[in-house]
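Peer 1: Quick one, what's the 3D model for this:
(one chain, ligands or ions: 2)
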Amino acid sequence: RRRAAVLHTRGPGATSDGHRVPLLANVGGPADVPAAVAAGAEGVGLFRTELLFLSGGDRPPEVAEQARVYREVLSAFPGGRVVVRVLDAGADKPLAFLASGATEPNPALGVRGLRALLAHPGVLAGQLAALGEAVAGLPVHLEVMAPMVADRADAKAFAEACRAAGLAASPGAMVEVPAAALRARSLLREVEFLSVGTNDLAQYAFAADRQVGAVSRWQDPWQPALLDLVALAARAAGDEGKGCGVCGEAAADPLLACVLTGLGVTSLSMGAGAIPGVRATLARHTLAQCRRAAEAARAAEGAEGARAAAHGVLSGK
Ligand code: PEP
Ligand code: MG
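Peer 2: Ligands and ions are numbered 1, 2, ... in the order given. Next up is the predicted model:
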């Protein structure tokens, strides 16, 4: 018994029958790296770069300063994969030099995320240049993704910016807007991978502001409608032979991590503290069980029903 417990506290993420699901960490900067490494993260699935910028006043940090910070994170995962999200400014993450949210009636529906970067191409170019400097000579697989991609034109603009910067990193799109999940296949004409941000995807799917407590029940990532959207993105990526990760809160729930695996999600990224629990639960179930749990959850009514249905399947009841 002791040996089994030890086996499941480290090592790569996988189902009991060996289907690999890399377990990655969400980080906001170098301060989060030690916990990610201690938890045995196989890399970083979401580096929220805007946290570095929040204290920076009315200008982005210099390219060299950005590169120094990015390199600290990248160098901690030799042989691993690090997915950096370019700035996601606006709404819940205001940045004075990017977001125009203060003057918009609905900042979550305004010029935020990639939209703000495309309106300030110099800021995006600076960030991509800093990433190119940061990764030089490091044995890490760097990927770069854009937040709040709504359609193929967004994905194309981001991939073109990456190419123009000469960055040797695969471009990806976050799936946070329902339209992006519905048309995932067309986004994949432009980018190499998808990563579902379930926090924003829930917000936009249910028209429920993630910052308003009175509508927080729709932030529950077990909502079958949310699972349907994740399934669309994962299936499109699978058909194209590309990856589709999840990096929102959903990935941190061990039972839901099994359901996401059953939906065809190819990696899970979460706060470091959640990794051991997800690893252990995934290791107790086969891929076929995960698929059955996913079907049962999608067939249920409401978040509670979905949770109970998946629990029933995975506990063999
Ligand atoms: C998300 O929206 O699920 C996500 C991962 O991004 P953030 O929480 O930083 O908006
Ligand atoms: Mg988001």
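Peer 1: From Ala306, how far off is the spatially most central residue of the chain?
Peer 2: Centroid-nearest residue in the chain, with CA atoms, centre = their mean: Cys247, separated by 2.7 Å. As judged by CB to CB, to the nearest Å, Cys247 and Ala306 stand 20 Å apart. Heads up, the C-betas are built off the backbone N, CA and C, glycines and all.
Peer 1: now swap in Gly113 and tell me
Peer 2: 28 Å.
Peer 1: Counting neighbours, go ahead and name the busier of the two.
Peer 2: Taking other CB atoms under 10 Å, Gly113 and Ala306 do not tie; Gly113 has more neighbours (31 against 27).
Peer 1: Phi, psi for the more buried one please.
Peer 2: The phi and psi values for Gly113, taken as degrees, to the nearest 10, are phi 60, psi -140.
Peer 1: Contact residues of the stretch 101-250 of the chain facing ligand 2?
Peer 2: Residues of the stretch 101-250 of the chain lying close to ligand 2 by CB under 5 Å from the ion are Glu176, Gly197, Asp200.
Peer 1: The strand or helix carrying Gly45 close to ligand 2?
Peer 2: Using DSSP states H and E, Gly45 falls within strand 43-48. No. Applying CB under 5 Å from the ion, one finds strand 43-48 separated from ligand 2 by no less than 8.8 Å.
Peer 1: Could you report the neighbour count for Met141?
Peer 2: Just so we're on the same page, residue 141 is His rather than Met. Neighbours around His141, by other CB under 10 Å: 16.
Peer 1: Beta-bridge partners for it, please?
Peer 2: Beta-bridge partners for His141, by DSSP bridges, are Arg81.
Peer 1: The residue nearest to Gly238 when sequence neighbours are not counted: neighbour count?
Peer 2: Nearest residue to Gly238, sequence neighbours excluded (CB to CB, 6 or more residues apart in numbering): Gly264, at 5.0 Å. Around Gly264 sit 19 other residues, with neighbours defined as other CB under 10 Å.
Peer 1: All good on my end, thank you.
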